[in-house]
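>>> quick check, what structure comes out for this input:
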Amino acid sequence: MLNPTLDAGIESIFESTSQMDVQTPISVAPLPVSAPTLTPSTIDTITTIQQAPTPPTTALSTLLQDLPNFGSLFGFDHRLKTLEANFSEFMQTNQFVGAVTSILGIVHRYMDQRMNEAVKVAVQLQSDRLHDEAQKENDEFLKTIDENIQKIIKEQVKEQVKVQVYKILPKIKQTVNEQLEAEVLTRSSNSLKTSYVVVADLLEMELKKILIKKMKGNKSIHRSNE
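This next block holds a predicted model:
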C-alpha cells in the first residue's frame, strides 16, 4: 500500500503529462539513413515541421520544477536511510552476536579445559586409589604368605627335631650312662683312697702311742733299779 505523498506525486505527474500533451504537440520525422531523392511532398513535410511552434523555455523549466523529485516520489531517500539504519543495526547486532559467540566459544573452551583437567585429576586419584588398594592387598597377601611359610617352617622344624631327637636319644642315653659310670668309678676310687689314708694315719697314731708308753715304762724301770 502506497503512502499519501507517493499517491499525490503520481497524480501530479499524470496532470503535468496531460498539460504537456495539450500545449505542445510535437511530431518527429524519421532520420534519413541514405541520401534519397527529395520529392515535393517531402519538402512540404519538412517545411511543416520547421514551422511548428516551439514551447517557451520558462514554461518548461516551471513544469520541471513542479514535477516531484524521483527520490521523494518513490520514497527512495527514506528507504535508503532506513536501509542504512537497518544495515548499521544489523552490523552492530552481528558484531554483538559475534562477540557473544566468541565469548561462548571461550567459555566452552574454558569449560572443556577445566573438564579435561577435572577428568585427569579424577582419573589420577582413581588410579592412585586403585594402586594403593592393590599395593595394600599385595602387602597383605605377602604378609599372609610369610606367616603361613613361617608356620610351615616351624612345624617342619619341630617334626625334624623330633625325628632327630628320636634318632640320637639312644646315643645320648649311652653317653650319659657312660659319663655317670665314669663319675661313679672316679668317686669310688677317691673314696677308697681316702679310707686307706685314714686307716694308715690311725695305725701310725696307735703305733706312736704304743712306743711312747713303752718308752715311759722303760724309764720307770730304770729309775727303780737305781
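
>>> tell me where the chain has helices.
Using DSSP state H, the helices of the chain run over residues 4-23, 40-50, 57-66, 70-74, 76-225.

>>> and Gln179, how many neighbours?
10 (other C-beta atoms under 10 Å). No exception for glycine: its C-beta is placed from N, CA and C like everyone else's.

>>> that one and Pro170: what is the separation?
15 Å (C-beta to C-beta, to the nearest Å).

>>> next: His131.
His131 is 60 Å from Pro170, by C-beta to C-beta.

>>> and for Arg109?
Taking C-beta to C-beta, one finds Arg109 at 91 Å from Pro170.

>>> repeat for Lys151
31 Å.

>>> next: Glu181.
From Glu181 to Pro170 the distance is 16 Å (C-beta to C-beta).

>>> kindly report the same for Glu117.
80 Å.

>>> same check on Ile153?
From Ile153 to Pro170 the distance is 28 Å (C-beta to C-beta).

>>> what of Ile103?
Distance of Ile103 to Pro170, given as C-beta to C-beta: 100 Å.

>>> can you check Ala118 too?
79 Å.

>>> do the same with Leu104
If you go by C-beta to C-beta, the gap between Leu104 and Pro170 works out to 99 Å.

>>> CA atoms only for stretch 143-150, dumped as PDB, please.
C-alpha atoms of stretch 143-150 as PDB (Å, rounded to 0.1, in the frame of the first residue of the first chain):
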ATOM      1  CA  LYS A 143      52.200 -61.000  54.800                       C
ATOM      2  CA  THR A 144      49.800 -63.900  54.900                       C
ATOM      3  CA  ILE A 145      52.100 -65.900  52.700                       C
ATOM      4  CA  ASP A 146      55.000 -65.100  55.000                       C
ATOM      5  CA  GLU A 147      53.100 -66.000  58.100                       C
ATOM      6  CA  ASN A 148      52.000 -69.300  56.500                       C
ATOM      7  CA  ILE A 149      55.500 -70.000  55.400                       C
ATOM      8  CA  GLN A 150      56.800 -69.300  58.900                       C
END
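
>>> report the rounded mean pLDDT for it.
Stretch 143-150 shows an average pLDDT of 89 in the prediction.

>>> again with stretch 108-118
Per-residue pLDDT over stretch 108-118 has a mean of 82.

>>> what are the buried residues along it?
Within stretch 108-118, no residue is scored as buried using 16 or more other C-beta atoms under 10 Å.

>>> okay, it in CSV with CA atoms only?
C-alpha atoms of stretch 108-118 as CSV (Å, rounded to 0.1, in the frame of the first residue of the first chain):
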residue,chain,number,x,y,z
HIS,A,108,33.2,-23.6,26.0
ARG,A,109,36.9,-24.0,25.6
TYR,A,110,37.5,-23.0,29.2
MET,A,111,34.9,-25.5,30.4
ASP,A,112,36.4,-28.2,28.2
GLN,A,113,39.8,-27.4,29.6
ARG,A,114,38.5,-27.4,33.1
MET,A,115,36.5,-30.6,32.4
ASN,A,116,39.6,-32.2,31.0
GLU,A,117,41.7,-31.2,34.0
ALA,A,118,39.0,-32.4,36.3
